[in-house]
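Visitor: predicted model follows, preceded by the sequence.
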Amino acid sequence: MLARHQDPIAAIATAPGRGAVGIVRVSSPQPLDGLIDAVCGRRLQPREATYLPLRDAAGQAIDHGLALHFPAPHSYTGEHVLELQAHGGPVVLQLLLARVVEACAGARLAEPGEFTQRAFLNGKLDLAQAEAVADLIDASTEAAARSAGRALGGALSKEVAALRDQLIQLRMLVEATLDFPEEEIDFLQKADAFGRLERLAAQLQAVQQRTRQGALLREGLKVVLAGQPNVGKSSLLNALAGAELAIVTPIPGTTRDQLSQSLQIEGVPLHIVDTAGLRDDTADEVERIGIARSWSAIEDADVVLFLHDLGRWTDPGYAAEDARIRARLQGVEPHRILQVFNKADLAAPPPGELALSAKTGAGLDALRQRLLQVAGWQAMPEGVFIARERHVQALARTGEHLALAAVQARSPEPALDLLAEELRLAHDALGEITGAFSADELLGVIFSSFCIGK
Ligand SMILES: Nc1nc2c(c(=O)[nH]1)N(C=O)[C@@H](CNc1ccc(C(=O)N[C@@H](CCC(=O)O)C(=O)O)cc1)CN2
Ligand SMILES: Nc1nc2c(ncn2[C@@H]2O[C@H](COP(=O)(O)OP(=O)(O)OP(=O)(O)O)[C@@H](O)[C@H]2O)c(=O)[nH]1
Ligand SMILES: [Mg+2]
C-alpha cells in the first residue's frame, strides 16, 4: 500500500469526450525532469505555461499544447506535478497519456480520486475539504456548488476545529485531574469544567444543524408521488417540472413505469418520482408490475407525497381503496407522508388540508414550501457549507459521547475515568470528519467515489 503512494500517477483530468482543451496530468513524489525533457524537449519555468510541441518517443509532435510544471510542494497534490494542456480530442489525450506513462519511470494510471487523496495525504486538504472537491464537481444546483465551495475553503473544517479546540482543553483539565485524585472535583469546579462541557454541547448542536442543512443540499430529497390511478400524479410531476415529461390521460392506469425528474426548490435538489397508480383490482400484468415498483419506491422515499383526487373524494369506492392504501402505508413513518389534495379546481378540500390544482397551478408554491419544511430546510442567510451524511453521523456520535460525559459531570459522585473516556471517544468521532482519525478503509471508500483524474 505504501509503495503505491510513491508511484508516479497519470490521468486525463478533463471530462471524457471531445472538448476545446483537454488536460493530462502527472503527479510524482520524485522530480519530473526526465519526463519533461522527454515530452517537452526543454526545461520549464516553474508554474509558467509554455507553448510547445508535445513529443512522442520518436520526437514527433503528438500535439502542440501548453505544458505547466508545478515543482513540489507547491502543487495541487503537494508532489511534483506536470500538466499537459492539449487539444481536447479523446485520441490525442489517450496518446499523450500513454506517452507520459511510458516516459516516466514507474508511472501508472491514477485511480479515481488519487490526486486528491495525495493532496490529503500531503496535508494540502483535510478530508472534509477533499470530499468538498467531489461535491463541487457533482453539485446539481448553484446553491450546492456555492456551499461546496465554502466547504472546500474550509468552512466545515473550521467549525470542527473550533469544537475540537474546546474539547481538547476540557480533556486536558479532566486528564490532569485524574493524576491528582485528592483534589479532583474541587479542581474541576474551579476550572468550570462542567460549564465548559455544557457550552461545548450547545456549540455542537449549532454545527449539527448547519451540517444537516449541508447534507440536504448535497443529497437532495427523494419525493415519491403516490396515490390511486388518475388522481393527477403525472400531472403534478409535469406541473412541478414545468414540462410535459409524463404521459397524462383520463384513463386510470396510464403510468406503468417509474419516471424520475430532478429539480430544485430554492437550491435544494429534489428528485421527484412519478409512479403507477396504486390499486388492487387490476387484471393487467404490466400494471401489476408497475404497482409493485410503486411500493418499493415508497419504501425508498424521503417523502411520500400521497395525492388525493378532490373530484372523487366523496365517492365510496374511492374511499374504500384509499383506506386500503392507508393501511399499507402504516409501515412508513408518519413524518415522511405528506397528504395533498389535487383538483382543487373541482371541489373544496377538507379544512386545513394542503390542496392544489395541477391543472391551473394553484397551490404549487405552497406545496414547494411545504416540501422544504418537511425536509427540515431552513433558509439560512448565506453560509451553508456542503456536508455529507458521514459528517452528520460523526457529529451525532460526538454528541452522544458528550451527553454521556455530561451524565458523569452532573452526578453527585462523578466517575472521572468514565468522564475522561467519553471525552476521548467524542474527540475521536470529531476527528473522523477532517480525517485526523480515519481508518484506511474509510479513506478508500471516500476517494474511490471520485472521478478519474481528480
Ligand atoms: N489547470 C488546472 N486547473 C485547476 C486545477 C489543476 O490542477 N489544474 N485544480 C485542481 O483540482 C483546481 C485548482 N486547484 C489547485 C490548488 C492548488 C494549486 C497550487 O499550485 N498550490 C500551491 C501554490 C499555492 C499558491 O500559490 O497560493 C501550493 O499549495 O503550494 C494549484 C491548483 C482547479 N483548476
Ligand atoms: N380538473 C383537473 N383535472 C386534473 C388535474 N390534475 C390532473 N387532472 C386530470 O386527471 C386525469 C389523470 O391525470 P394523470 O396525471 O394522468 O393522473 P395519474 O395519477 O398520473 O394517473 P395514473 O398514471 O393512471 O396513476 C387527466 O385527465 C388529467 O388531465 C387537476 O388539477 N384538475
Ligand atoms: Mg400517471
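Guide: That came through, no problem. Residues are numbered from 1 along each chain as shown. Ligands and ions are numbered 1, 2, ... in the order given.
Visitor: from here on, just use CA atoms for contacts and neighbour counts.
Guide: OK.
Visitor: nearest spatial neighbour of the residue in the stretch 51-200 of the chain that ligand 3 sits nearest to, chain-adjacent residues omitted?
Guide: At 26.0 Å from ligand 3, residue 140 is the closest residue in the stretch 51-200 of the chain, using CA to the ion. Spatially, and ignoring its direct neighbours in sequence, residue 140 is nearest to residue 269 (7.0 Å; CA to CA, 6 or more residues apart in numbering).
Visitor: so who does that neighbour touch?
Guide: If a contact means CA atoms under 8 Å, 6 or more residues apart in numbering, then residue 269 has 140-141, 217-221, 262-263 as its contacts.
Visitor: could you report the pLDDT at it?
Guide: pLDDT, residue 269: 91.
Visitor: angles on the backbone of it, please.
Guide: Main-chain dihedrals, residue 269, degrees, to the nearest 10: phi -70, psi 140.
Visitor: got a list of what residue 227 touches?
Guide: So residue 227 contacts 233, 277-278, 306-308, 325 (CA under 8 Å, 6+ apart).
Visitor: if we use 7 Å, what do you get?
Guide: 277-278, 306-308 (CA atoms under 7 Å, 6 or more residues apart in numbering).
Visitor: which one's the longest helix in this structure?
Guide: helix 193-219 (DSSP state H).
Visitor: check which element follows that helix along the chain.
Guide: Per DSSP states H and E, the first helix or strand lying C-terminal to helix 193-219 is strand 221-227.
Visitor: how about residue 237: what's its closest non-neighbour residue?
Guide: Using CA to CA, 6+ apart, the closest residue to residue 237 is residue 274 (6.6 Å).
Visitor: residue 165 versus the closest residue to ligand 1 within the chain, what's the distance?
Guide: When scored by CA to the nearest ligand atom, the chain has residue 74 as its residue closest to ligand 1, at 3.1 Å. Per CA to CA, to the nearest Å, residue 74 is found 28 Å from residue 165.
Visitor: those two - which one has more neighbours?
Guide: residue 74 (15 against 12; other CA atoms under 10 Å).
Visitor: my read is that one is in a helix, agree?
Guide: No - according to DSSP: H, G, I helix; E, B strand; the rest coil, residue 74 belongs to no helix; its state is coil.
Visitor: before we move on, the earlier item: would you list the contacts of residue 227 in TSV and tack on secondary structure?
Guide: Compiled in TSV, those are given as follows (three-state DSSP):
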residue	secondary structure
277	coil
278	coil
306	strand
307	strand
308	strand
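Visitor: restricted to buried residues, select those residues in PyMOL.
Guide: Only the buried members of these enter the following PyMOL selection, criterion being 16 or more other CA atoms under 10 Å:
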select buried, resi 277+278+306+307+308
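Visitor: and the protein, which residues reach ligand 1?
Guide: For the chain, the contact set with ligand 1 under CA under 6 Å from any ligand atom comprises 73-76.
Visitor: got CSV for the contacts of residue 269, with pLDDT too?
Guide: Below are those laid out as CSV (pLDDT from 0 to 100):
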residue, pLDDT
140, 85
141, 86
217, 90
218, 90
219, 88
220, 90
221, 92
262, 94
263, 93
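Visitor: what's the PyMOL syntax to select whichever of those residues are buried?
Guide: The buried subset of those, as determined by 16+ other CA under 10 Å, is captured in PyMOL by this line:
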select buried, resi 140+141+217+218+219+220+221+263
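Visitor: no more questions from me, cheers.
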